[in-house]
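Asks: How does the following fold in three dimensions:
(one chain, ligands or ions: 2)
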Amino acid sequence: MVEAGAGRTRCGYVALIGAPNSGKSTLLNRLVGRKLAIVTPKAQTTRTRLLGIAIEGATQIIYVDTPGIFAPRRRLDRAMVAAAWAGAEDADETLLLVDAPRGFDENARRILDRLAERGRRSILALNKIDRVHREKLLVLAGELSREGRFDPIFMISALTGDGVEEVKQHLAGSLPPGPWLFPEDQLSDAPERLIAAEITREQVFLQLHEELPYASMVETERWQDRPDGSVRIEQVIYVQRPGQRAIVLGEGGQRIKVIGARARAELERTLDRRVHLFLFVKVREHWAEDRERFAALGLDYNA
Ligand SMILES: Nc1nc2c(ncn2[C@@H]2O[C@H](COP(=O)(O)OP(=O)(O)OP(=O)(O)O)[C@@H](O)[C@H]2O)c(=O)[nH]1
Ligand SMILES: [Mg+2]
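Replies: Residues are numbered from 1 along each chain as shown. Ligands and ions are numbered 1, 2, ... in the order given. Coordinates of the predicted model:
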C-alpha cells in the first residue's frame, strides 16, 4: 500500500480522444474495470466528459472519456466537440484512438492536424484489432508512425482487453510524480443521477433509430432513497416533436416499456440495489438550444 502524497506517488490526467465510435468509452470502462460510460454501436454516443479513476501501482491515473471529434454543425455538436478538446488540453497525456478497421479517415486526420497545430504529441492506440487483418494493421501503424507525432503506438482491442495492460503500464510509469488527487476508492466524478440518466440514454440509443437518438436527451428529475434500501428514480426523456414522442412510446406503450425494463435492469446492476424507474416522455422542441439543458450536461452553451 502506497500512501497518497508520499514522494513516490504519481498522478495525472489522460484524455481519451478520437473520432466518434472509435471505442473511447469501451476503453475507459476496460481501463477502470467497471462500466461507467455508456457504449453503443451508434456514433456520437458520449456527450460530455467523464472521469474514470484507476490506480496502477503507485500511480493514480485519471482517464477522461470525451465525446467523439468530428465536424460539428448543431449547437449541441459544437459543445460536444469543444468539451472533447478541453479534455485533451487540460490533460497531462492524450491518448488518440483510431478505429483500425476504418483506418485513418477524415475525422482522425482533423484531430491529428489540430494536435500538430498545438505542438502536442500523443499516445496512439490502434483499436479494434480483433477485427482487422494483421497486414492492414501494420500498414496503418507505419502510415501513422511516419507522421512523427505519436509515441508510443499501441495495438489494442478495448473489447477483448488485448494489449490494454501495456497501455496501463506505460501510463503508470510516465505520468508526473505527485500526490493522488482523488480518494483511493473513488472511481468517477459523475454524480449517480447523471450516470442513471446515461444508462437510460444508452437504451434510447440502442432501441431507437435514425434521428431519434440524436433528438433525445434524458434527465433524472427525482431520486428518492427508500427505507427498504431501494431507490425510486423519475426521469424525463426529452424529444423535439410530438411524432417522436409517439415513436418513443410505441404502440400501446410497448417501446417505452422495453426501454424502461432494460434501463432498470442495468441500473440495478450498476447501483447494486433495487430500482423503481419511472420514465416520462416530453416534447421540448428546442431542448438542444436550451441553456438549462446544456448546464445539466456540463456543456458550454456558447462553444
Ligand atoms: N470489435 C470491436 N469493437 C469495439 C472495440 N472497441 C469498441 N468497439 C465497439 O465500437 C462501438 C463504439 O464504441 P464506443 O466505446 O461507444 O465508442 P466511442 O469512441 O466512445 O464513441 P462516441 O462516444 O460516439 O464518440 C461499440 O459497438 C463497441 O462495442 C474493439 O476493440 N473491438
Ligand atoms: Mg463514447
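
Asks: who in the chain is up against ligand 1?
Replies: Within the chain, the positions adjacent to ligand 1 are 18, 20-26, 39-41, 43-46, 67-68, 127-128, 130-131, 157-159 by Cβ under 6 Å from any ligand atom. No exception for glycine: its C-beta is placed from N, CA and C like everyone else's.

Asks: out of the residues you listed, which are buried?
Replies: 18, 20-26, 39-40, 44-46, 67-68, 127-128, 157-159 (16 or more other Cβ atoms under 10 Å).

Asks: Mind checking which of these are in strands?
Replies: Among those, the members falling in strands (DSSP state E) are 18, 127.

Asks: In helices, which of the residues of the chain next to ligand 1 fall?
Replies: Assignment to helices by DSSP state H places the following of the residues of the chain next to ligand 1 there: 24, 25, 26.

Asks: quick check, nearest of these to residue 233?
Replies: The closest of these to residue 233 turns out to be residue 25 (Cβ to Cβ; 22.0 Å).

Asks: Return the residues in contact with that closest one.
Replies: 37, 38, 39, 45, 46, 65 (Cβ atoms under 8 Å, 6 or more residues apart in numbering).

Asks: Do I have it right that the third one meets residue 45?
Replies: It stands for residue 39. Yes: in this structure, residue 39 is within contact of residue 45 by Cβ atoms under 8 Å, at 6.8 Å.

Asks: what is in contact with these two at once?
Replies: 25, 202.

Asks: Can you read off the backbone torsions of residue 69?
Replies: Note on residue 69: backbone dihedrals following degrees, to the nearest 10 are phi -100, psi 130.

Asks: Residue 12 now?
Replies: Per degrees, to the nearest 10, the backbone of residue 12 is at phi -180, psi 170.

Asks: With distance to ligand 2 and pLDDT as added columns, please give the contacts of residue 25 in CSV.
Replies: Below are these laid out as CSV (distance: Cβ to the ion, whole Å; pLDDT from 0 to 100):
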residue, distance to ligand 2, pLDDT
37, 6, 97
38, 7, 98
39, 7, 98
45, 5, 97
46, 3, 97
65, 6, 97
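
Asks: Next one: the helix or strand harbouring residue 29, is it in contact with ligand 2?
Replies: Element membership for residue 29 (DSSP states H and E) is helix 24-32. Yes: in terms of Cβ under 5 Å from the ion, part of helix 24-32 sits within range of ligand 2, namely 24, 25.

Asks: wait, isn't residue 38 in contact with residue 198?
Replies: Yes: between residue 38 and residue 198 there is a contact under Cβ under 8 Å: 4.9 Å.

Asks: how far away is residue 91 from residue 152?
Replies: 17 Å (Cβ to Cβ, to the nearest Å).

Asks: Neighbour count for the two, which is higher?
Replies: Comparing residue 91 with residue 152 by other Cβ atoms under 10 Å, the one with more neighbours is residue 91, at 20 against 12.

Asks: Run a quick check on that one versus residue 64, I expect a contact.
Replies: Yes: the criterion here is Cβ under 8 Å, and residue 91 meets it with residue 64 at 6.0 Å.

Asks: what do these two both touch?
Replies: With Cβ under 8 Å, 6+ apart as the test, residue 91 and residue 64 both reach 13, 14, 15.

Asks: nearest to ligand 2, of those?
Replies: For the shared contacts of residue 91 and residue 64, the residue nearest ligand 2 by Cβ to the ion is residue 15; the value is 12.7 Å.

Asks: three-state assignment of the closest residue to residue 49 other than its chain neighbours?
Replies: Taking Cβ to Cβ, 6 or more residues apart in numbering, and ignoring the residues beside it in sequence, residue 49 has residue 87 as its nearest neighbour in space, at 4.9 Å. Judged by DSSP: H, G, I helix; E, B strand; the rest coil, the three-state class of residue 87 is helix.

Asks: List the contacts of residue 87.
Replies: Counting by Cβ under 8 Å, 6+ apart, residue 87 has contacts 15, 17, 49, 64, 66.

Asks: Ok, residue 47 next?
Replies: 67, 76, 80, 83, 297, 299.

Asks: count of residues packed around residue 258?
Replies: Residue 258 has 13 neighbouring residues, counting by other Cβ under 10 Å.

Asks: go on, residue 175?
Replies: Per other Cβ under 10 Å, the neighbour tally for residue 175 reads 21.
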